[in-house]
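Q: Generate coordinates for the sequence data below:
(one chain, ligands or ions: 1)
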Amino acid sequence: MSIQTDRSLHDVVVAGAGPTGLLLAAELAAAGSRPLVIEASTHPSEMPKANGVVGRAAVELRRRGLLNGSRLRVVRPRRFGYGPFTLNLGLLRSPLHILPVPQRRLEEQLELCAVARGVTILRGHELIGFEQDDTHVTVRVSAAGSESELRTRYLVGCDGAHSRVRKHLGIAFPGVTDSSITRIARITIATGAVVRDRRGIDIRGVGWLSLFRPNLTPHGSVTIAPVHAFDPSAPAGLYTVRTHEPRGDTAATDELSTDALRASLRRILGTELPFFDAHAARSVIANSRQAEHYRSGRVFLAGDAAHVFSAGGSALNVGLADAIALAERLAVALHADADLSRLDGYQGERHPAGRRALAVTRVQHALETAGESGDALRGMFEVLLRDRTAARRIAMLMEG
Ligand SMILES: Cc1cc2nc3c(=O)[nH]c(=O)nc-3n(C[C@H](O)[C@H](O)[C@H](O)COP(=O)(O)OP(=O)(O)OC[C@H]3O[C@@H](n4cnc5c(N)ncnc54)[C@H](O)[C@@H]3O)c2cc1C
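A: Now for the predicted structure:
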């Protein structure tokens, strides 16, 4: 196979057009460089993932003008869930910022901004390898059955949890794989079958369930939330539902059957949840992992390529914060042709931040564990959270 070589030298090649890669590229462009984004998929994924950005990253998106022209608004909720607990933020006088937005919508907004700032995004272009020397990185790309090479001063792997960039660098990704499984779907519940108030829903035949936070039973937990809360265009009656229970030897799947979802709900709730129409149903087994290094020479990792978390709420925030920090440092290096060692500050700043977020989410995850150990931990936490200083500290950690 002949390999075409693009002779031009790019400032930065970003592998992956998820939220981290798009934000990184948009910020680099705002600082005057011309990043190139290569994305393996030919079109954006429609799989529902996160429903919002929690913490500082939301404020930074607004401050940098990345939400301008959209209807997206950063809000300060009065209450927010931490595992099965609710932090009363109003009482704590703790500013936790939230940008309620489906991840797909956020990606659209970031892509619009990036393109408006002059970023080129090449879809259907997969990074398949690279080599680096003292002055640049040569990236091998596969697109439509042919291979080509790109030369760039810096390469950033924003290519997700299974990062080819990380693996190619041989960077270890230590951590743990969860012993439980999470099943996720969007379901429709007949409006006549539910009575709702601000904090919960009473579902016919099931009883009262909290919204947005795990409802624990001795067999696991069920979290339910109206999609309308983060996507105003969604119809009433559409909910996201997550079940969480021990996994045994079950494997994760992107094509979870409605029967398997029903069975999981029945095992945990002890009764049938009356829904019809499950879509985007899948199961995931959470991992809690962090790359040992975020940088090797002229190649960097950011977002899920650098860390994955076992509980929701932090992954997007931390990945977006990586992108902002790295864009600032690369912009300086590109302009000043700075000493490469100054880029070490990225690892120094973001690796500890990732480690802290891992700890916060692992505790959050442990608080949702069924059984006696989980009960004991929840009992202890309940006492601790009565102390406002402790509760405020947790809110601050979530803010990042
Ligand atoms: C079901 C689910 C629910 C979630 N819920 C939450 C939540 O509630 N809160 C939260 O904060 N987070 C949540 N997350 C996590 C969140 O979605 C991720 O943290 C986020 O997508 C990470 O963004 P990223 O840009 O780093 O990586 P990704 O979004 O994974 O993007 C990586 C991109 O790189 C591309 N790519 C991969 N390999 C290559 C290659 N070799 N060459 C070129 N391109 C490549 C991929 O196609 C992809 O587009 C959830 C995730 C899932 C799956």
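
Q: tell me the domain ranges of the protein?
A: 3-73+103-174+289-382, 179-285 (automatic domain parsing).

Q: Tell me which of those domains sits most buried.
A: Comparing these by mean neighbour count (mean count of other CB atoms under 10 Å), domain 3-73+103-174+289-382 ranks first with a mean of 19. No exception for glycine: its C-beta is placed from N, CA and C like everyone else's.

Q: Can you tell me the closest non-neighbouring residue to the residue in the stretch 101-250 of the chain that the ligand sits nearest to?
A: Of all residues in the stretch 101-250 of the chain, G160 sits closest to the ligand, at 2.9 Å by CB to the nearest ligand atom. Distances taken as CB to CB, 6 or more residues apart in numbering place D304 nearest to G160, at 4.8 Å, with adjacent residues excluded.

Q: On the pLDDT front, check that neighbour for me.
A: You'll see D304 listed with a pLDDT of 97.

Q: Three-state assignment for it, please.
A: Applying DSSP: H, G, I helix; E, B strand; the rest coil to D304 yields a three-state assignment of helix.

Q: Return the distance of it relative to the ligand.
A: As judged by CB to the nearest ligand atom, to the nearest Å, D304 and the ligand stand 4 Å apart.

Q: wait, that residue sits on R166?
A: No. Between D304 and R166 there is no contact under CB atoms under 8 Å: 9.9 Å.

Q: now the domains of the chain as JSON lines including distance to A390?
A: Putting those into JSON lines (distance: least, CB to CB, whole Å) gives the following:
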{"stretch": "domain 3-73+103-174+289-382", "distance to A390": "9"}
{"stretch": "domain 179-285", "distance to A390": "19"}
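
Q: For the residue of the stretch 101-250 of the chain closest to the ligand, give its distance to G18.
A: 6 Å (CB to CB, to the nearest Å).

Q: shared neighbours of those two, anything?
A: G303, D304 (CB atoms under 8 Å, 6 or more residues apart in numbering).

Q: my guess is D322 is in a helix, correct?
A: Yes. Assessed by three-state DSSP, D322 belongs to a helix.

Q: I'd assumed A302 was in contact with it.
A: Yes. Contact criterion CB under 8 Å: D322 and A302 qualify, at 4.0 Å.

Q: got any residues that touch both of the two?
A: T20, Y294, R350.

Q: Check which helices and strands the stretch of helix or strand the last one belongs to is in contact with.
A: Pointing back at R350 there. Applying DSSP states H and E as the criterion places R350 in helix 344-366. Here helix 344-366 touches strand 287-290, strand 295-296, strand 307-308, helix 315-336, helix 388-399, going by 3 or more CB pairs under 8 Å, 6 or more residues apart in numbering; DSSP states H and E.

Q: For L211, find the nearest of the ones you listed.
A: helix 388-399 (18.5 Å; CB to CB).

Q: List the buried residues for the closest one?
A: Neighbour-count burial for helix 388-399, with 16 or more other CB atoms under 10 Å as criterion, is recorded at A391, R392, I394, A395, L397, M398, E399.

Q: wait, what's in contact with the third one?
A: Under the criterion of CB under 8 Å, 6+ apart, the neighbours of I394 are Y82, L87, V360, L385.

Q: For T138, see how far away the first one is.
A: To tie it back to what came earlier, the one meant is Y82. 46 Å.

Q: one step back: within reach of the ligand, which of the shared contacts of D322 and A302 are there?
A: Among the shared contacts of D322 and A302, the ones lying near the ligand by CB under 6 Å from any ligand atom are T20.
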